[in-house]
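Colleague: Fold the following, please.
(6 chains)
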Protein chains: 4
Amino acid sequence: MTHTPPTEPHKKRKRDPEGTRDRLVRGALDLFTTIGYHESTTPQIAARAGVAEGTIYRHFKSKEQLLNSIYQAAVRRFQQTIRTSDAAAGCKETLESVAREWSTVAANDPAVVRLVFVRPPRKLLDHSSKAAFKEFKGDIERVLATGKSAGQVKRGSVEMWSDVWLQLISLLLEKVADSDWTHDETTADDIISAAWAAIAANPT
Amino acid sequence: MTHTPPTEPHKKRKRDPEGTRDRLVRGALDLFTTIGYHESTTPQIAARAGVAEGTIYRHFKSKEQLLNSIYQAAVRRFQQTIRTSDAAAGCKETLESVAREWSTVAANDPAVVRLVFVRPPRKLLDHSSKAAFKEFKGDIERVLATGKSAGQVKRGSVEMWSDVWLQLISLLLEKVADSDWTHDETTADDIISAAWAAIAANPT
Amino acid sequence: MTHTPPTEPHKKRKRDPEGTRDRLVRGALDLFTTIGYHESTTPQIAARAGVAEGTIYRHFKSKEQLLNSIYQAAVRRFQQTIRTSDAAAGCKETLESVAREWSTVAANDPAVVRLVFVRPPRKLLDHSSKAAFKEFKGDIERVLATGKSAGQVKRGSVEMWSDVWLQLISLLLEKVADSDWTHDETTADDIISAAWAAIAANPT
Amino acid sequence: MTHTPPTEPHKKRKRDPEGTRDRLVRGALDLFTTIGYHESTTPQIAARAGVAEGTIYRHFKSKEQLLNSIYQAAVRRFQQTIRTSDAAAGCKETLESVAREWSTVAANDPAVVRLVFVRPPRKLLDHSSKAAFKEFKGDIERVLATGKSAGQVKRGSVEMWSDVWLQLISLLLEKVADSDWTHDETTADDIISAAWAAIAANPT
DNA sequence: GATGAATGAGCTTTCATTCAT
DNA sequence: AATGAATGAAAGCTCATTCAT
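Modeller: Predicted coordinates for the structure are as follows:
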């Protein structure tokens, strides 16, 4: 659906042809997560990307589709972290390492973290965006499931405990993204531990 | 749920004492927390309250002020719970009882919970609304501070741990408001315990 | 039409019963000539008069009729000056004395002068207001006609020369009303002389 | 008079180069000076220009700014007349020739004359519009100053006497614009002479 | 691909007027 | 006579989207 145009290198093109779509995505992402979706106007988005207003519609069907396109890319980015994590590691260790990687993202690219974790624009997400997030959550639940079968996670539904864990990690990511706890390793570790404490059968 | 008060069928309803403003607040609150602030139009709000559009502006300076007015009332409502809680009780017990009272509110009046805990309309809150919330948070922090001086709460800033606790209670309230965990005492208790586990020095 | 209610002294009445209509007129006149008709809202007018909004409509059919009522009274006030001037005096002398009396009004009650001479709300005047002004102008023309038959006024239509004279006197009244030329007898005399010079057959 | 330009009947007119803004200005000017600023609605203005309502705001920030834009252009137009007048000519001759040129404008384009001379929308003019008019008046005063130093103008401030002269010329322009004195050379000359007589030291 | 003037539906807000009390 | 809450038509303005160039 949101097929990425192959952007083959062609003959004559104006201003940085490879980049138009990317610059649009970047500008919109910053705007959406800073001032909000409704407050971000298409003129503003176009201006940020250095293109004309109409150009948005060469790359995206609508403003809403632009948002969904950005959202799904962001979700996938975080999903990668889980999928490329060490499958052999224990549940606790995996969660910790994933959380730490996300924190790095939060420090370097706050916008993407806000979009997925802090203030997801629920009202505006289409079916496919919601599906993408569910898939992402499924990956987390799978990690927790291994911990549960090892008796490390509390009784009760895995879905619930991953919600709990995610909720606390979201708080961490928000604070890091806001530079409230900039590069404060100790505090970050405290929250990561707290998140584990909240869901662990025998907290250490 | 949002039962329309039985307006007697008259030619022109006038002087519904005390009613108009309240019905406006109720309708707007439901709309804002259901479909969102920007998606709620003034015609819709007026229709819900059974009044003409212009009537909104007899009671509120603007749509934004209407939101802030509702928000502040909602915050104060939750603040009451803390202020009227047993001052003699321990930190843990106070937090638990407060959380349980809020859960009841979440079940009976989901809208108010969503506005304050689940999706506060941060971009749209004025100075005085933000101050009201800060005061509310201050009350929570005071409770936690007593627990901390009793050695029950982890080391680190009280602000941080109340953020953590609130974050988890918000999840609970959201689920209850969404009727996902309706009247499921056990699950609610699990979350309340988890919230305490996350911040407790020696979790039990 | 604009029948003045007889305001008979009755038994029980709220706040200064004789004065309501008058205070309405006064407040509206000040507002209209200060900030303009369209910029003056009925709530403002009512507030100035210290009455409720609805009270305006007990005394006047509409905001527009209120304006016309005020306008006609103002015109009549200036008309009086001409009608009570010494019929035996010469044209020049009559005009001068009339102009001087109007100047006094301009100093004491600038609003009324602005309404009639400086910025008459032409678009908003009804038939009867226009007729009143025409009658007023007729009185001036009659004075000029005597001067003309005495050979003191230039050839050409009396209507035209009274327009010219009025135009210059209006400038004087505006300046006096604005306190630009406060109580500056010399300047006022200069303008009055200039007005005569403009229309006189043999200016002195 | 305000002949609608022969828009060829197309499905959707686009790119009427240079035209849209001008037609908007023309339409608004006619409307403002005919029925008044407040009475002219944006739908009306757009309709006159044959464009959609939103198009107004592509060219002007607001209705008020549209007015000011028109006003300033109009003032500059009259200013040109003075600045291009024969610098070598005497004061009296310069004023006469300027007045006559303005009369021609009044006959051909009444709207512009009404806006600047007859009923300037004072309440609605912004700072820069007021400055433009002051500059214009300064040019007139400069002409009068030369006459004064040649002993042709009465004693007293130049500002005052240019107000007087302008006041009478405004009357002329109004009548011409209203077609009351259409192409009546004699009457126009009478007023121009009267204006000079009003300010001249030794009227001839 | 890119442009940007034009669109028009729909928004929030204002305010003269009405009328039950 | 006086009130003031309620009205609702109409205003000015915004902005996502289209399309001729």
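Colleague: isn't residue A:92 right up against residue A:152?
Modeller: Yes. The pair residue A:92 / residue A:152 is scored as a contact, 6.4 Å apart, by C-beta atoms under 8 Å. Backbone N, C-alpha and C define where each C-beta goes, glycine included.
Colleague: could you list every residue that touches the one residue sitting closest to the centre of chain A?
Modeller: In chain A, the residue lying closest to the centroid (C-alpha atoms, centre = their mean) is residue A:116, at 3.9 Å. Listed by C-beta atoms under 8 Å, 6 or more residues apart in numbering or on different chains, the contact set of residue A:116 reads A:71, A:74-75, A:78, A:133.
Colleague: same check, this time on residue A:22
Modeller: Residue A:22 touches nothing, counting by C-beta under 8 Å, 6+ apart.
Colleague: so which strand or helix has it?
Modeller: Using DSSP states H and E, residue A:22 sits in helix A:20-35.
Colleague: how about that helix: buried residues?
Modeller: A:20-21, A:23-25, A:27-33 (16 or more other C-beta atoms under 10 Å in any protein chain shown).
Colleague: For stretch A:81-94, measure first residue to last.
Modeller: With C-alpha to C-alpha, to the nearest Å as the measure, stretch A:81-94 spans 10 Å from end to end.
Colleague: which other residues reach it?
Modeller: A:97-98, A:101-102, A:136, A:139-140, A:143-144, A:146-148, A:150, A:152-153, A:196, A:200.
Colleague: Mark which of these are buried, thanks.
Modeller: For the contacts of stretch A:81-94, buried by 16+ other C-beta under 10 Å: A:97-98, A:101-102, A:136, A:139-140, A:143-144, A:146-148, A:152-153, A:196, A:200.
Colleague: near DNA strand F, from those residues?
Modeller: Subset of these in contact with DNA strand F: empty, counting by C-beta under 7 Å from any atom of the strand.
Colleague: circling back: between the buried residues of helix A:20-35, which sits nearest residue A:59?
Modeller: residue A:21 (4.8 Å; C-beta to C-beta).
Colleague: wait, isn't the closest one in contact with residue A:55?
Modeller: No. If you go by C-beta under 8 Å, residue A:21 and residue A:55 don't touch, sitting 9.5 Å apart.
Colleague: quick one: is the helix holding residue A:22 near DNA strand F?
Modeller: No. Using C-beta under 7 Å from any atom of the strand, helix A:20-35 stays clear of DNA strand F, with a minimum separation of 10.4 Å.
Colleague: C-alpha coordinates for that helix, PDB please?
Modeller: Below are the C-alpha coordinates for helix A:20-35, written out as PDB (Å, rounded to 0.1, in the frame of the first residue of the first chain):
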ATOM      1  CA  THR A  20      11.800  14.800  -1.500                       C
ATOM      2  CA  ARG A  21       9.800  12.000   0.000                       C
ATOM      3  CA  ASP A  22      12.300  11.600   2.900                       C
ATOM      4  CA  ARG A  23      12.400  15.300   3.600                       C
ATOM      5  CA  LEU A  24       8.600  15.300   3.700                       C
ATOM      6  CA  VAL A  25       8.500  12.500   6.100                       C
ATOM      7  CA  ARG A  26      11.100  14.100   8.300                       C
ATOM      8  CA  GLY A  27       9.500  17.500   8.400                       C
ATOM      9  CA  ALA A  28       6.000  16.000   9.000                       C
ATOM     10  CA  LEU A  29       7.300  13.800  11.800                       C
ATOM     11  CA  ASP A  30       9.000  16.700  13.600                       C
ATOM     12  CA  LEU A  31       6.000  18.900  13.200                       C
ATOM     13  CA  PHE A  32       3.400  16.200  14.200                       C
ATOM     14  CA  THR A  33       5.300  15.300  17.400                       C
ATOM     15  CA  THR A  34       6.100  18.800  18.300                       C
ATOM     16  CA  ILE A  35       3.000  20.900  17.700                       C
END
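Colleague: Show me which residues of stretch A:169-185 are buried.
Modeller: A:169-177, A:181.
Colleague: Near chain B, which residues of chain A? Just list them.
Modeller: Contact residues, chain A versus chain B (C-beta under 8 Å from any C-beta of the partner chain): A:35-36, A:38-39, A:119, A:122-123, A:154, A:156, A:160, A:163-164, A:167-168, A:170-171, A:187, A:190-191, A:194-195, A:197-200, A:203.
Colleague: if you set the cut-off to 6 Å instead, what comes out?
Modeller: Counting by C-beta under 6 Å from any C-beta of the partner chain, the positions of chain A adjacent to chain B are A:36, A:38, A:123, A:156, A:164, A:167, A:171, A:190, A:194, A:197-198, A:203.
Colleague: With secondary structure and pLDDT as added columns, please give the residues you listed in CSV.
Modeller: Below are those laid out as CSV (DSSP: H, G, I helix; E, B strand; the rest coil; pLDDT from 0 to 100):
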residue, secondary structure, pLDDT
A:36, coil, 97
A:38, coil, 98
A:123, helix, 95
A:156, coil, 91
A:164, helix, 98
A:167, helix, 98
A:171, helix, 98
A:190, helix, 95
A:194, helix, 97
A:197, helix, 96
A:198, helix, 97
A:203, coil, 62
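Colleague: among the residues you listed, which two are most distant?
Modeller: A:38 and A:203, at 42.2 Å, using C-beta to C-beta across these.
Colleague: tell me the domain boundaries of chain A?
Modeller: Domain segmentation of chain A under automatic domain parsing yields A:16-60, A:74-199.
Colleague: thinking again about what came up before, which members of the buried ones among the contacts of stretch A:81-94 are positioned in helices?
Modeller: A:97-98, A:101-102, A:136, A:139-140, A:143-144, A:146-148, A:196 (DSSP state H).
Colleague: and of these, the nearest to residue A:109?
Modeller: residue A:102 (10.7 Å).
Colleague: for the nearest residue in space to the closest one that is not next to it in sequence, what are its contacts?
Modeller: Nearest-residue entry for residue A:102: residue A:173, 6.0 Å, with adjacent residues in sequence omitted and distances by C-beta to C-beta, 6 or more residues apart in numbering or on different chains. Residues in contact with residue A:173 (C-beta atoms under 6 Å, 6 or more residues apart in numbering or on different chains) are A:102, A:106, A:113, A:117.
Colleague: Could you rerun that using 10 Å?
Modeller: Residue A:173 sits next to A:78, A:99, A:102-103, A:105-107, A:110, A:113-114, A:116-118, A:166, A:188, A:191 when contact means C-beta atoms under 10 Å, 6 or more residues apart in numbering or on different chains.
Colleague: again with residue A:153
Modeller: Shown in contact with residue A:153 (C-beta under 10 Å, 6+ apart): A:91-92, A:144-147, A:161-162, A:165, A:196, A:199-201.
Colleague: what do you get if the cut-off is 6 Å, keeping everything else the same?
Modeller: A:144, A:147, A:161, A:199, A:201.
Colleague: ditto for residue A:95
Modeller: Residue A:95 neighbours (C-beta under 6 Å, 6+ apart): none.
Colleague: Helix or strand: which one has it?
Modeller: Counting by DSSP H and E, residue A:95 is found in helix A:91-108.
Colleague: Could you list the buried residues of that helix?
Modeller: Applying 16+ other C-beta under 10 Å to helix A:91-108 flags A:91-92, A:94-99, A:101-103, A:105-107 as buried.
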